[in-house]
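Chemist: Next one to model:
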Amino acid sequence: MEQKHYLTCERRDIYALLMLSAGMMGAYTYNLRGGVFCNAQTANIVMMSIAFGKGNVEAGLYYLIPFVAYCLGSFISEALPSPVKKLGFLRWDTYLIAFEAAVLFITGLIPLSAPARIVQIMINFLASMQYNTFRQMEGIPMATTFCTNHVRQVGIALAKLIRKHDVKALKRGFIHLSMLLSFFLGGAILTFFCDKLEEKAIWIALIPTLIVLVKLVYADLFLEHDLLAEKPSGH
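Modeler: Numbers count the residues shown, from 1 in each chain. Presented below is the predicted three-dimensional model:
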């Protein structure tokens, strides 16, 4: 059976680097920008419901800001790929990573004395676009900005291995475990540099982000330029 071809933006190494960067972003906002995790919205919805439940409407309404930022990121990342494709130069995925690198650089210039909400919303926006853009790694549905599904898939793989001796499930479980490890390493590395670099610690996240950017640009211009119209899996 012929092995299915996957675009560079769907490769395992790309997703591992994105998970590494996402772990860094999560650790950065938690350690230095308000003690919150901005890569997903579950916590914000919970906090909003708690605030309303306690009758603190003003505090609850604040959580609409990151919620709207996340929605806007999803909207833009869904609306722009088609116009970008017509340019015939680079993929949307590549433009997004370039934009992400620029925002991370700017974030490192914002002093810690500035309101933490500014950076929180910026990371909300980035995480939403990345989550909506990178959907499947070599045919496997996958999130690159948080870990919940990866943990779930590891558990599923273990169950299938024990009950059905499913070796393919075990292999998939190891893939999800490797993504968890990338995220964990990103968080640990960034946390180590927080005290030393302060607001500029986020620039450490530029390392995996720029590696991804170089790989995607090279693929778009040379390796896969004739495949620019091909959609990545899951889109």
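Chemist: where do the helices sit along the protein?
Modeler: For the chain, the helices defined by DSSP state H occupy 12-32, 42-53, 57-62, 64-79, 81-87, 92-107, 116-133, 148-164, 167-197, 206-218.
Chemist: Just the pLDDT for the residue in the chain sticking out farthest from the centre.
Modeler: Relative to the C-alpha centroid of the chain, counting by Cα atoms, centre = their mean, residue 55 is the outermost residue, at 33.7 Å. In the predicted model, residue 55 carries a pLDDT score of 96.
Chemist: Any idea which residue is closest to the centre of this protein?
Modeler: Centroid-nearest residue in the chain, with Cα atoms, centre = their mean: residue 145, separated by 3.2 Å.
Chemist: Could you pull up the residues touching that residue?
Modeler: Residues near residue 145 by Cβ atoms under 8 Å, 6 or more residues apart in numbering: 22, 25, 39, 40, 127, 130, 131. Backbone N, C-alpha and C define where each C-beta goes, glycine included.
Chemist: change it to 6 Å
Modeler: Taking Cβ atoms under 6 Å, 6 or more residues apart in numbering, we find residue 145 in contact with 22, 39, 127, 130, 131.
Chemist: For the closest residue to residue 203 other than its chain neighbours, give me phi and psi.
Modeler: Distances taken as Cβ to Cβ, 6 or more residues apart in numbering put residue 108 closest to residue 203, at 4.6 Å, once the chain neighbours are dropped. Here is the backbone geometry of residue 108 (degrees, to the nearest 10): phi -70, psi -10.
Chemist: what separates the nearest residue to residue 216 once chain neighbours are set aside from residue 7, distance-wise?
Modeler: Using Cβ to Cβ, 6+ apart and skipping the chain neighbours, the partner closest in space to residue 216 is residue 94 (4.2 Å). Relative to residue 7, residue 94 is positioned 11 Å away (Cβ to Cβ, to the nearest Å).
Chemist: Kindly report the same for residue 66.
Modeler: According to Cβ to Cβ, residue 66 and residue 7 sit 31 Å apart.
Chemist: mind showing which ranges of the protein have poor pLDDT?
Modeler: For the chain, applying pLDDT under 70 flags the ranges 1-3.
Chemist: try 80
Modeler: Along the chain, segments meeting pLDDT under 80 span 1-4.
Chemist: quick one, what contacts residue 122?
Modeler: residue 103.
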